[in-house]
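# sharing a sequence plus its predicted fold:
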Amino acid sequence: MMSQVLTALSPHDLAFPDLHNALTEPNGLLAVGGDLSWQRLVNAYKHGVFPWFNEQDPLLWWSPNPRAILSLDDIHINKTLKKFIRKQPYQVTINHAFDRIINICADAPFRDDDTWILDEMVDAYQILHRKGYAHSVEVWEGDDLVGGLYGVAINGLFSGESMFYLKTNASKIALIALGQHLKSFGVRFIDCQIQNPFLQSMGAIEIERKIFIQLKEVELNRPMAPSCWQPQRIDYDNKQ
């Protein structure tokens, strides 16, 4: 069996190794080191790579196999959620409160102080937001921020990073509203990176990395109207 070697990134070179060089154990670990400059982050997402590390770790970069995606034609809204949506209890906006969203995601109670959204990650993604690549979806109950998510978009490729809820179904509403919004611009899927029970319940599936790479390239070459990410209120429905 061919041995696998973990690539050490240079702080002076933004390049990433071929995704097929990622380790099988731990699954998808591709490289270590480098930095969290906005240029490197953009290059990482273009290549299907994302940073993920804990406080005691060095800077780690990942491209797991399989990869979790959510087809925007297949978002699952069960009967209970459909009934909830019909009441329209929440309003949803885009890019109205990015800094609040990422900080709440970092401090969400369910993380039990074991978060990978460290201060340096928060700082890096706030810069990425100001550069026009990182975006937030906010869910409001009146004037209260009760849920939301954030991620990185490069043309038609949106990679979700984290989400939270403080009220019932708020994170589900954020995902549904974002999915319907992106679909209206021709986007086919959301990159969910790694499968979990919540994403699976919403319709996310796992695909081979080589298929993800093909789908990713299509979305990277999809031009997006500037209006997609302008701060705005977005509507959502239960007809998925």
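All right, it came through fine.
# what's the spacing between the residue nearest the centre of the chain and A68?
Centroid check for the chain by C-alpha atoms, centre = their mean gives G160 as the closest residue, at 1.0 Å. According to C-beta to C-beta, to the nearest Å, G160 and A68 sit 9 Å apart. In short, each C-beta sits where N, CA and C put it, glycine included.
# common neighbours of those two, please.
191-193 (C-beta atoms under 8 Å, 6 or more residues apart in numbering).
# returning to that earlier point: what kind of secondary structure is the residue lying closest to the residue nearest to the centre of the chain once chain neighbours are set aside in?
Nearest non-adjacent residue to G160, counting by C-beta to C-beta, 6 or more residues apart in numbering: G151, 4.2 Å away. Taking DSSP: H, G, I helix; E, B strand; the rest coil as the rule, one finds G151 in the strand state.
# who does G151 form a beta bridge with?
H135, G160 (DSSP bridges).
# that one reaches Y133, doesn't it?
No. Assessed by C-beta atoms under 8 Å, G151 is found out of contact with Y133, at 9.7 Å.
# of the two, which one has the most company?
Set G151 next to Y133 and count neighbours by other C-beta atoms under 10 Å: G151 wins out with 24 against 18.
# gap between that one and L41?
12 Å.
# likewise K210?
23 Å.
# out of the two, which sits in the busier spot?
L41 (25 against 11).
# who's in contact with stretch 218-232?
46, 93-96, 132, 135, 153-158, 181-182, 185-189.
# next one: the helix ranked longest in the chain to chain centre, how far?
Longest helix in the chain, counting residues (DSSP state H): helix 170-183. How far helix 170-183 lies from its chain's middle: 12 Å, per C-alpha atoms, centre = their mean, to the nearest Å.
# which residues touch that helix?
Under C-beta under 8 Å, 6+ apart, the answer for helix 170-183 is 70, 72-73, 75, 77, 81, 85, 90, 92, 94, 137-139, 141, 146-149, 156, 158, 160, 163-165, 190, 198, 202, 228, 234-237, 240.
# buried ones from those, can you make that a ChimeraX selection?
Remark: buried members of those, expressed as a ChimeraX selection using 16 or more other C-beta atoms under 10 Å:
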select :70,72,75,77,81,85,90,92,94,137,138,139,146,147,148,149,156,158,160,163,164,165,190,202,228,236,240
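# sort out for me which of the contacts of helix 170-183 are in strands.
Counting by DSSP state E, the contacts of helix 170-183 place 70, 92, 94, 137-139, 141, 146-149, 158, 160, 163-165, 190, 234 in strands.
# could you pull up the residues touching G28?
Contacts of G28 by C-beta under 8 Å, 6+ apart are 22, 62-65.
# now those in JSON lines, with distance to D123 and pLDDT?
Output for the contacts of G28, formatted as JSON lines (distance: C-beta to C-beta, whole Å; pLDDT from 0 to 100):
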{"residue": "A22", "distance to D123": "26", "pLDDT": "95"}
{"residue": "W62", "distance to D123": "20", "pLDDT": "98"}
{"residue": "S63", "distance to D123": "24", "pLDDT": "98"}
{"residue": "P64", "distance to D123": "25", "pLDDT": "97"}
{"residue": "N65", "distance to D123": "30", "pLDDT": "98"}
